[in-house]
Every structure is written in structure tokens, then in C-alpha cells.
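Trainee: Compute the structure for the input listed below.
(chains A, B and C)
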Amino acid sequence: MFALADCNNFYASCERLFKPTLIGLPIVVLSNNDGCVIARSNEAKELGIAMGAPYFQIREKLEQNNVAVFSSHYTLYGDLSARVMTNLARFSPDIEVYSIDECFFSLSGFSDLKAYSDKIRSTVIQNTGIPISIGVAPTKVLAKVANKKAKKADGVMVLEGPAEISDALANFPIEDIWGIGRAHATRLLKLGIETADQFRKLPEEWVRREMTVVGARIWNELWGMSCIPLKMVLDPKKNMCTSRAFGKPIEEISELEQAAASYASRLAGKLRREKLCTNVLSVKLLTNRFGDSAAQYFPSLSIPLDYPTSNSVDLVKMAIRGVRRIYRRGYRYQKVEIMATQLIPESEIQMNVFTGHSTKKDKISKALDELNKYYGAGTVRIASEGIKQKWSLRRDFLSPHYTTDWNDIIKVG
DNA sequence: TCTGGGGTCCTAGGACCC
DNA sequence: TCTGGGGTCCTAGGACCC
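Mentor: You can find the predicted model right below:
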């Protein structure tokens, strides 16, 4: 049996944890640049605030209803997520941390799954303050279904026998099935397939032909045949990307270079943290796709590197070179994407006799990491990243670093 | 003025090799 | 009328996830 634990309205719950005065009140959390809504407390959902709604369009409504608004604060959420996962790990030998707020784990060999899940749930809530729901079923796809049902029940739902499962699927909307996205849902709805139960009654061959093996796996999982195993060890990453919209549009190449340098440096840091090196660096510029009238331009360039690297100096240099190659005057750029592909572990690097590895550059990178870890991200930068970063993120409603910065720690009394 | 960011998997088609 | 066959690798694009 598989269990899925999912934190309720995770980001909103994290913000509320440190502001108990907000209990019972509506909360929303905004995306980077305070762009749109990415998390809502139940009270905010009840007000009819849609997921993904652009902030500037609903600002008045939020003010009228006294909704508490927060900029997203991933350091805080990451820290609280780790606490939840640590607690869950005490209850099962096999766990898969699936995302920042979700965790699959095996309950095979356990008895009285309802009572055990209730205990897990109350322990996590007690120890972390984050409310969670648990769904249990014979496959991952069914555990997802159970989890949705748990949210509407008392926080735990176990689906075990065939009759119980049929019942649960009978009125389960097709578009809510894990793995069926907008495109497939639209198509299936047109064919009159509206529920999970109708979907699994389609012939398997049809599903396989029209929705590839991915669809066939979901189909089998809905019949209780497990096809998606627990992933207890993470596969090594294949790509890594730093991409972020600017606080305001950029037209000048000098500012684009700064931003690209800055993103490349951040990317290099992420690579080093995961002990990976990249063979190819890609740079992409994007104009604002929502600006109907403005001219659009989405150039990109992949730069093969002479040797796999993760050092900031090399990657920043390449990113700037990329921007210079693809930049064209006359556009209002909204975003730059720096992507590293063909990643390999640091330990597997084949030395190139001619270019080799520069220990000096590696030492610079290491010093950067250590200084920034101690004094805070971005304290020491490469000069081309610029000092006055006019394009940097807008985060007008950022909460304090309650758990990750001594200066922001909660004071009692 | 303002509309997120970071990933994975699968397939099809082209290039290339023997 | 005829123009091999089979394999691998790479890339682009689509679909999906949280």
C-alpha cells in the first residue's frame, strides 16, 4: 500500500505559522515579482480567489476582504518542508519526497492503516504546526485520489477494497487525476469521459494508442495495478535552469548582461551545491508574451563548453557572450533564462590535457560559496553582475526569515 | 506598471554509422 | 521498375507535475 502525505495550502500555512493572529483569516501567497497567486488558505479559496490570478487584477478585491498578502519566501518554506519530511520518515522505512509539500511512502506490512495514518497526521501537526492530509491506496495514482478525498473528510482516507475504490472513482473528475493534464482532459471531456471510472473503463489499447505509455500507466494504476514505483533515491539531475522575470522590463544590453551574469552565477552555485558540472550552457532572452502590441522576440543559443565546469567565472563569461550574440536592440525584454544541460557529476570529469581545470578559478568559486553562505546570498559577487541591479525581483510583502536568520528569529516576552 | 519557476518523461524525425 | 536494414544519438516539441 502507498500513502501520500500532502501539506494543506502549504505556503499559506507556513506564513500563518508565525502569525497566529491570521488563524481563520484569508491568506494568499504571490509568485516571484508578486506576479500572481500561487497559494491560498481555505478562507481565501472560499472568497473565490483563483489560483494563478494576477495580483494587479485582484488587488482591490483582496483589500476589500482584508486578505493577508505575502511574497513567496522559498527559504522559509524549504526549511519547514524539511521538518515535515523528517517527521514523516520516522513512520515508514521507504519514503519518497515528491515535492516541497508532498511525500509518498510505503505502508506495506502495516496493519490498521486508518489508525496508523491518524497517528502520523497528528504527530506531524503537533511537531511542526503544519496541517497535512494523508491518502492511502494500492497505487500512487489511487493514493492521490484518496488524498483529495481526505481533504474533504477528517484528513485521512484509506481506499482498500475494489468496491471502495469504484465508489471513490465514480464521481472523481477526470481532470483531477494525477497525470491527466489540461490537454488530455479537454479531449476526454469532448468524448464524454468525465470521471475516473469512465476513463478506466475505456479499452487499454485505445488509451495506449492515444495517450502513449504514460496514459496506459495511469489506466493500470486506476485498476489497482502498481506501475509507478516509489523513488527512494533521486535520479541525478539532467538539466538545471535559472530563469526569472525582471522587476521591470529591460531594453539596454548592459543591464541584460548584468542579469545574465547574475543568473549564471546563481546557477553555478546550484551546480556546485549538487556537485555537478555542465557541458553546455544555453542562454535565452524573452519579451513579455502578455504585451499584445509590443514586438516579440525569443532568441536562444546553446554554447558547448570546452570542458565540463561549475565555476562561476567560466559560466558568467559564457552567459555574457551568449547575450551579446543574440541581443537585438528595440525590444523590451522581460526575462532571461540560463540553462545548464548535459550535466555530469564532478567526480566523473575527464580532464582535458590542453584546457584542463583551473584550480585558481575553482578556489575563487569556493571562496564565493563560503562568504555567501556566511554573510548571506549575493554578498560577494562577480563584478559583471553589477551593484545596482535595477531589474531585480519585486518582493513587497516578504515575511521575515523566521527560521533561517538569527536576526529574524521570533522573540518571546 | 504589474501575468512564476524549475523540473521530468515521451515521441518523432533527422543525422549518422556499419 | 528498381534504390538495404538496423541501430544509436541528438534535438525539438508536447504534455505533465508541483
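Trainee: Tell me which stretches of chain A form strands.
Mentor: Secondary structure of chain A (DSSP state E): strands at A:2-7, A:27-30, A:37-40, A:68-71, A:95-99, A:102-106, A:132-137, A:156-158, A:240-250, A:276-287, A:300-309, A:333-345.
Trainee: quick one: contacts for the residue in the stretch 201-350 of chain A that DNA strand C sits nearest to?
Mentor: Per C-beta to the nearest atom of the strand, A:Ser302 is where the stretch 201-350 of chain A lies closest to DNA strand C, at 6.8 Å. Any C-beta I mention is one placed from the backbone N, CA and C, and that applies to glycine too. Contacts for A:Ser302 (C-beta atoms under 8 Å, 6 or more residues apart in numbering) come out as A:280-282, A:341.
Trainee: Buried only: go through these for me.
Mentor: A:280-282 (16 or more other C-beta atoms under 10 Å).
Trainee: For burial, what's the neighbour tally of the closest residue in space to A:Pro249 that isn't next to it in sequence?
Mentor: Of all residues not flanking A:Pro249 in the chain, A:Arg332 sits nearest, at 4.1 Å (C-beta to C-beta, 6 or more residues apart in numbering). Using other C-beta atoms under 10 Å, A:Arg332 has 16 neighbouring residues.
Trainee: Give me the phi and psi for A:Arg332.
Mentor: phi -100, psi 100 (degrees, to the nearest 10).
Trainee: Test my guess that it contacts A:Lys248.
Mentor: No: at 9.4 Å, A:Arg332 does not count as touching A:Lys248 under the criterion of C-beta atoms under 8 Å.
Trainee: and chain A, which of its residues are near DNA strand B?
Mentor: A:31-33, A:35-36, A:38, A:52, A:54, A:56, A:212-214, A:235, A:237-245, A:248-249, A:270, A:288, A:290-291, A:334-335, A:337 (C-beta under 7 Å from any atom of the strand).
Trainee: which among those residues end up buried?
Mentor: Buried among the residues of chain A next to DNA strand B (16+ other C-beta under 10 Å): A:31-33, A:36, A:38, A:240, A:242, A:244-245, A:249, A:288, A:334-335, A:337.
Trainee: Among those residues, find me the one that's closest to A:Arg200.
Mentor: A:Ile38 (31.5 Å; C-beta to C-beta).
Trainee: can you pull the contacts of the closest one?
Mentor: Taking C-beta under 8 Å, 6+ apart as the test, what A:Ile38 contacts is A:11, A:29-31, A:51-52, A:72.
Trainee: same question, A:Ser365
Mentor: A:268, A:272, A:310-313.
Trainee: A:Leu343 now?
Mentor: Contacts of A:Leu343 (C-beta under 8 Å, 6+ apart): A:236-240, A:271, A:276-279.
Trainee: ok, back up a step: the strands of chain A: which one's closest to A:His401?
Mentor: Comparing the strands of chain A under C-beta to C-beta, the one sitting nearest is strand A:68-71, at 12.5 Å.
Trainee: The residue nearest to A:Pro249 and A:Glu257: what is the separation?
Mentor: Distance of A:Arg332 to A:Glu257, computed by C-beta to C-beta, to the nearest Å: 16 Å.
Trainee: And for A:Gly181?
Mentor: Counting by C-beta to C-beta, the gap from A:Gly181 to A:Glu257 is 37 Å.
Trainee: okay, these two: which has more neighbours?
Mentor: A:Glu257 (23 against 10).
Trainee: close enough to count as contact, that one and A:Arg321?
Mentor: No: using C-beta under 8 Å, A:Glu257 makes no contact with A:Arg321, being 9.7 Å away.
Trainee: First-to-last residue distance for stretch A:63-78?
Mentor: 28 Å (C-alpha to C-alpha, to the nearest Å).
Trainee: Buried residues, it. List them.
Mentor: A:67-73, A:76-77.
Trainee: Ok, stretch A:119-132 next?
Mentor: Of all the residues in stretch A:119-132, those buried under the rule 16+ other C-beta under 10 Å are A:120-121, A:124-125, A:128-132.
Trainee: And stretch A:306-322, by the same measure?
Mentor: Under 16+ other C-beta under 10 Å, the buried positions of stretch A:306-322 are A:307-320, A:322.
Trainee: What of stretch A:392-410?
Mentor: A:392, A:394-395, A:397, A:399, A:401-403.
Trainee: Which elements pack onto the longest helix along chain A?
Mentor: Using DSSP state H to define each element, chain A has its longest helix at helix A:253-273. Helix A:253-273 is packed against strand A:240-250, strand A:276-287, helix A:312-326, strand A:333-345, helix A:359-375, with contacts defined by 3 or more C-beta pairs under 8 Å, 6 or more residues apart in numbering; DSSP states H and E.
Trainee: can you tell if the first one touches DNA strand C?
Mentor: No: against DNA strand C, strand A:240-250 shows no contacts by C-beta under 7 Å from any atom of the strand, the least distance being 12.1 Å.
Trainee: what sits up against that strand?
Mentor: Residues contacting strand A:240-250 (C-beta under 8 Å, 6+ apart): A:32-33, A:35, A:256, A:259, A:263-264, A:266-267, A:270-271, A:274, A:276, A:278, A:288, A:332-340, A:343, A:390-394.
Trainee: just to revisit the earlier point, mind putting the helices and strands packed on helix A:253-273 into a markdown table with mean pLDDT?
Mentor: A markdown table is the format used below for the helices and strands packed on helix A:253-273 (pLDDT from 0 to 100):
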| stretch | mean pLDDT |
| --- | --- |
| strand A:240-250 | 92 |
| strand A:276-287 | 90 |
| helix A:312-326 | 93 |
| strand A:333-345 | 91 |
| helix A:359-375 | 83 |
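Trainee: Let me have those in a markdown table, extended by distance to A:Tyr116.
Mentor: Listed next are these as a markdown table, based on distance: least, C-beta to C-beta, whole Å:
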| stretch | distance to A:Tyr116 |
| --- | --- |
| strand A:240-250 | 38 |
| strand A:276-287 | 38 |
| helix A:312-326 | 48 |
| strand A:333-345 | 38 |
| helix A:359-375 | 40 |
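Trainee: So which bits of the helix or strand of chain A with the lowest mean pLDDT are buried?
Mentor: Sorting the helices and strands of chain A by mean pLDDT, DSSP states H and E puts helix A:359-375 at the bottom, at a mean of 83. Neighbour counts over helix A:359-375 (16+ other C-beta under 10 Å) mark A:362, A:365, A:368-369, A:372 as buried.
Trainee: cool, and stretch A:196-212?
Mentor: Buried residues in stretch A:196-212 (16+ other C-beta under 10 Å): A:196-200, A:202, A:207, A:211.
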